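Visitor: Whatever this is, show me its structure:
(one chain, ligands or ions: 1)
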Amino acid sequence: MQDIIEGFLKFQRHAFPERAGLFKDLANQQSPRALFISCSDSRLVPELVTQREPGDLFVIRNAGNIVPSYGPEPGGVSASVEYAVAALQVSDIVICGHSDCGAMTAIATCTCLDHMPAVAGWLRYADSGRVVNEARQHVDVPAKVAAMVRENVIAQLANIQTHPSVRLALEERRVTLHGWVYDIESGGIQAFDNRTGKFVALADNPSVRAVSH
Ligand SMILES: [Zn+2]
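Guide: Numbering: from 1, shown residues only. Below is the predicted model:
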């Protein structure tokens, strides 16, 4: 813990003064352009990967970068999505999975989660991706896990479109959805291309979209 506190002291001495003007502007307002939904995994840092500053990204992180489909008892993720889209009026939503995801590995390898009932229940929101992935052939377990990471992003892109605020924003042509998979070892990103239904290198295809108006 001491290293975290020392990190804060370093922030206060160096990083904060360098951005004093930015933080003054942000003191009473925010207007992030994007909602970024990623896994809680410590190795995927949205602001680092996208080189964004404070105020740029509205972020939701949870195990498995999951967005529960909308229902009669919406939870914290649903509330955050609604606030980002309806109140902050973000123009883009990124759902970002990643390589070596523990949640997706558990799903793809049918790991018993009886000792983690909350995780097991939460991962049910990835069921449509799991069922599709199970029906396919995979050369080995790592390939199956990698495919599950991608199928989960596709499943969550579908889930988020059940949210009224997102449906309305798509109808009004003011939001675009992006489905990404970040590779921890290489730092690369694969993005879902709605024209082909495949993931392609974002670096070579910077204009690909998952769902656009
Ligand atoms: Zn993960």
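Visitor: Would you mind listing what in the chain touches the ion?
Guide: 39, 41, 101 (CB under 5 Å from the ion). In this view, the C-beta of every residue, glycine as well, is placed from N, C-alpha and C.
Visitor: Need the pLDDT of the second one.
Guide: So the one you mean is Asp41. Here, the pLDDT recorded for Asp41 equals 98.
Visitor: After the helix ranked longest in the chain, which helix or strand is next?
Guide: If you go by DSSP state H, the chain has its longest helix at helix 141-160. Sequence order places helix 164-171 as the next helix or strand after helix 141-160, per DSSP states H and E.
Visitor: got the angle between that next one and helix 141-160?
Guide: Orientation check (axes from the mean of the first three to the mean of the last three CA atoms, to 10 degrees): helix 164-171 against helix 141-160 gives 90 degrees.
Visitor: which of the residues in helix 164-171 are buried?
Guide: 165-166, 169-170 (16 or more other CB atoms under 10 Å).
Visitor: In a markdown table: the residues you listed, plus pLDDT.
Guide: Conversion of these to a markdown table gives the following (pLDDT from 0 to 100):
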| residue | pLDDT |
| --- | --- |
| Ser165 | 97 |
| Val166 | 98 |
| Ala169 | 97 |
| Leu170 | 97 |
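Visitor: ok, those vs the ion, which is closest?
Guide: Of all the buried residues of helix 164-171, the ion sits closest to Val166, with 22.4 Å by CB to the ion.
Visitor: Let me see the contact set for the closest one.
Guide: Contact analysis of Val166 by CB atoms under 8 Å, 6 or more residues apart in numbering lists 81, 85, 93, 160, 175, 177.
Visitor: domain parsing for this structure?
Guide: 1-30, 33-204 (the TED database).
Visitor: hey, which of these is tucked in deepest?
Guide: Counting by mean count of other CB atoms under 10 Å, domain 33-204 has the highest mean neighbour count of the domains of the chain, with a mean of 17.
Visitor: the strands in this protein, which residues?
Guide: Ranges of strands within the chain are 34-39, 57-62, 92-98, 176-182, 189-193, 198-201, based on DSSP state E.
Visitor: Flag the shaky bits of this structure, pLDDT-wise.
Guide: Applying pLDDT under 70 to the chain flags no residue at all.
Visitor: go again using 90 as the cut-off
Guide: Counting by pLDDT under 90, the chain has low-confidence residues at 73-74, 110, 112-113, 212-213.
Visitor: which residue sits farthest out from the middle of it?
Guide: Distance from the C-alpha centroid of the chain, by CA atoms, centre = their mean, peaks at Arg13 (31.6 Å).
Visitor: Could you check how far it is from Ala108?
Guide: 45 Å (CB to CB, to the nearest Å).
Visitor: Fine by me, thanks again.
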